[in-house]
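**Q** Predicted model follows, preceded by the sequence.
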Amino acid sequence: MIVKDSFVLGSGVRGYALGENPHETIAARHHDTGPAPDAKYMNIYRSFYDRFQRESARLSNARGLSTTTRK
Amino acid sequence: MLTNSPRQATRSKAVEIDAEFRCERLVWEVKVNGDGDAENRMSFEGVTAARTEGQHVYRAHHSWAQSGAVSGWQAVPELTSPHVAVKNTRIDRTTVQTIVEFRQAPSAEQPASACVRSLDFGVFSMNCEEFRRKENARDDDTDFIQKSIRWEVPGQLVLHVQLPEDMLLMGRPFAEVYQLFQTADEEVEVFDATLSAGATRLLHYSDLTRVASLHIYRPPKWVAYRICWRLGHPPRDGNPPGAAELARFEGRRSQLLSIRRLFANANADLNPSDLEAKQNVISKLAEFSAFFVRTIADQFAPAADGGDDGLPINIANLEISLMAVYLAGDPEREVLTIVAGTNVFDSKLWDFSLSLGDGIAGRAAKRLQPRVYDDAQAAGTPWGDVYVPLSGTRHAWLMSVPIWKETLRRPYAVLNVGTFDRGQAATLRTCENEKVVAAVLEYANKDFIRGLLNAICPPGLRGSKT
């Protein structure tokens, strides 16, 4: 995927213009099946996995959707 | 459409008894960009009288945009006389009232000048299809800017509007003039064919610069001037999409939206297949998060001892959310809603819908371009209002990455990566380069979306899920 250049819309607001059809590029280059896990980042993956689980539980509690907390 | 005419005026001509404003020239310049924003500059040159209810104040009528949002007006110091202050009162997202206060009374002997600027966000459309999808859509495909002269007495009124290359026009811009009449509770605009014909003769449009200019000498009171343009149809490339392709696209949108239910429900309340789908979705989000952290970390040289101490990210301060596109309203328009993420428990955030084109994520989805917001640079400028705070906290830094169907050029979703922490923002700024943005965009549009769709509904089970 080619990002042609960045542009400034206004103070602190920026965008990136794309230089070619990104999905065609993907089709041409795509052979892998995802990020190769390595030990260094498995911990980060695990931290985020747990965090998303907690955030989901927090959301369902906040909305009263959890039967485990509903009285 | 942008106008300084109110939807519901409550003043009558009796206001002229209490208000006076005279200037040599009143200039309104509008520059529209490809996002449909309007950069405004209003100059009051050679002000010789400014009085409202006994004070040396010019109380402008409401500035109003039919859709999108408007910022307040700010003085441009280098073009404004000393002892002039600008104050705003925000009525709502699309309406603001501005007061220009002259702390030394302007006079013919000592005229003053004031120049104010503002921004209107996502107000204009680039083609008629986009125009018709607006929240307050009309069916005539005609957009305009409007300046109303009520009790003010400018020696000359000058309007300039610059239209972007991305905007498709049908024909050339033209002028319209309306007489303003006051009733008991509103202001009525009545089209004036004679004045319109005269104004159209005075309108100049440059095809080269795409600037339309209208100069009116001694405009009469209680008249509104418009520079109008008709929007063209977007071009159709190749064959129109087939029914099957559109059905697949809508089906995938629905699948992505279904993540919202999974994420909002406790694990204990989900049936085994939904629970498995939820765990898979969370796994894909965590994979993306780890990928992003790794990409950022690669921007930094390894620590001298080769250890991990150099990792500059506190992942507890990194906020990630996924928004899905769905259709809402009448006429139907595409909006974004959060379906999963961090810090989404606030109902103001979870229940919010963002129109395509609004905010940072809405712009990314509308333009199919990654967008970045940096609060340290935007705060205190009119561009700070481009960020739509969905909860009480503002992002210190935010990147919105669109995910879309290329053959249709329509978005599925937006991945947001950001932080509320100013220190963390300094680290995230390092990813503002083409290489990192391209890597994140590619990952989001390739591994992430593919894995996510498989997570919600594995290929072998598609069509069998209820």
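**A** That came through, no problem.
**Q** Check the gap between B:W404 and B:P82 for me.
**A** Computed as Cβ to Cβ, to the nearest Å, the B:W404 to B:P82 distance reads 51 Å. The way it works is simple: take the backbone N, C-alpha and C, and place the C-beta from them, glycine included.
**Q** So between these two, which is more surrounded?
**A** Taking neighbours as other Cβ atoms under 10 Å in any protein chain shown, B:W404 and B:P82 compare with B:W404 leading, 22 against 8.
**Q** Name the nearest residue to that one, sequence neighbours excluded.
**A** If you skip the residues right next to it in sequence, B:W404 has B:P411 as its closest partner in space, 4.4 Å away by Cβ to Cβ, 6 or more residues apart in numbering or on different chains.
**Q** Now do the SS call for B:Y178.
**A** strand (DSSP: H, G, I helix; E, B strand; the rest coil).
**Q** which residues in the chain form helices?
**A** You didn't say which chain, so I picked chain A. In chain order, chain A shows helices spanning A:22-29, A:39-62, with DSSP state H as the criterion.
**Q** looking at chain B here, not the other one
**A** Taking DSSP H to define them, one finds helices in chain B at B:15-18, B:128-132, B:193-202, B:243-264, B:272-297, B:347-350, B:359-367, B:375-378, B:422-428, B:434-443, B:449-456.
**Q** With respect to burial, which of these scores highest?
**A** helix B:359-367 (a mean of 26; mean count of other Cβ atoms under 10 Å in any protein chain shown).
**Q** wait, does that helix contact chain A?
**A** Yes. Judged by Cβ under 8 Å from any Cβ of the partner chain, helix B:359-367 comes into contact with chain A at B:I360, B:R363, B:R367.
**Q** residue in chain A nearest to chain B?
**A** A:G12 (3.0 Å; Cβ to the nearest Cβ).
**Q** ok, how many other residues are close to that residue?
**A** Around A:G12 there are 21 other residues, counting by other Cβ under 10 Å.
**Q** picking that back up, as JSON lines, the helices of chain A with mean neighbour count would be great.
**A** As requested, those are arranged in JSON lines below (neighbours: other Cβ atoms under 10 Å in any protein chain shown):
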{"stretch": "helix A:22-29", "mean neighbour count": "14"}
{"stretch": "helix A:39-62", "mean neighbour count": "17"}
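**Q** Any stretches of the chain with poor pLDDT?
**A** Using chain A here. Confidence mapping of chain A against pLDDT under 70 gives the ranges A:1, A:20-38, A:65-71.
**Q** that's the wrong chain, I wanted chain B
**A** B:1-17, B:135-138, B:237-238, B:301-311, B:458-466.
**Q** now B:I282, nearest residue through space, not along the chain?
**A** Once flanking residues are discounted, B:I282 sits nearest to A:F52: 4.4 Å by Cβ to Cβ, 6+ apart.
**Q** quick one, domains of chain B?
**A** Chain B is divided into the following domains under automatic domain parsing: B:2-230, B:243-301+B:309-461.
**Q** Those: which one's closest to A:V3?
**A** Smallest distance to A:V3 across these (Cβ to Cβ): 4.2 Å, for domain B:243-301+B:309-461.
**Q** Show me how far that closest one is from its chain's centre.
**A** Averaged C-alpha coordinates place domain B:243-301+B:309-461 at 18 Å from its chain's average position (Cα atoms, centre = their mean, to the nearest Å).
**Q** just to revisit the earlier point, can I get the helices of chain B in CSV with distance to A:K4?
**A** Formatted as CSV, the entries for the helices of chain B read as follows, by distance: least, Cβ to Cβ, whole Å:
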stretch, distance to A:K4
helix B:15-18, 52
helix B:128-132, 23
helix B:193-202, 40
helix B:243-264, 26
helix B:272-297, 19
helix B:347-350, 33
helix B:359-367, 14
helix B:375-378, 23
helix B:422-428, 22
helix B:434-443, 8
helix B:449-456, 22
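**Q** and of those, who's closest to B:R59?
**A** helix B:15-18 (9.2 Å).
**Q** So which bits of the lengthiest strand in chain A are buried?
**A** Longest strand in chain A, counting residues (DSSP state E): strand A:3-10. Under the neighbour-count criterion of 16 or more other Cβ atoms under 10 Å in any protein chain shown, strand A:3-10 has A:V3, A:S6, A:L9, A:G10 buried.
**Q** One more: stretch B:377-388?
**A** For stretch B:377-388, the buried set under the neighbour-count rule, 16+ other Cβ under 10 Å, comprises B:Q377, B:A378, B:T381, B:P382, B:W383, B:G384, B:D385, B:V386, B:Y387, B:V388.
**Q** Nearest spatial neighbour of B:S283, chain-adjacent residues omitted?
**A** Of all residues not flanking B:S283 in the chain, A:Y49 sits nearest, at 6.4 Å (Cβ to Cβ, 6+ apart).
**Q** For B:D139, give me its contacts.
**A** Contacts were defined as Cβ atoms under 8 Å, 6 or more residues apart in numbering or on different chains; by that measure B:D139 touches B:R132.
**Q** State the distance from it to chain A.
**A** The gap separating B:D139 from chain A is 30 Å, by Cβ to the nearest Cβ, to the nearest Å.
**Q** Tabulate the helices of chain A in JSON lines, adding columns for distance to B:R25.
**A** Below are the helices of chain A laid out as JSON lines (distance: least, Cβ to Cβ, whole Å):
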{"stretch": "helix A:22-29", "distance to B:R25": "48"}
{"stretch": "helix A:39-62", "distance to B:R25": "56"}
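**Q** Show me what B:E20 is bridged to.
**A** In this structure, B:E20 has beta-bridge partners B:R51, where bridges are defined by DSSP bridges.
**Q** All set now, cheers.
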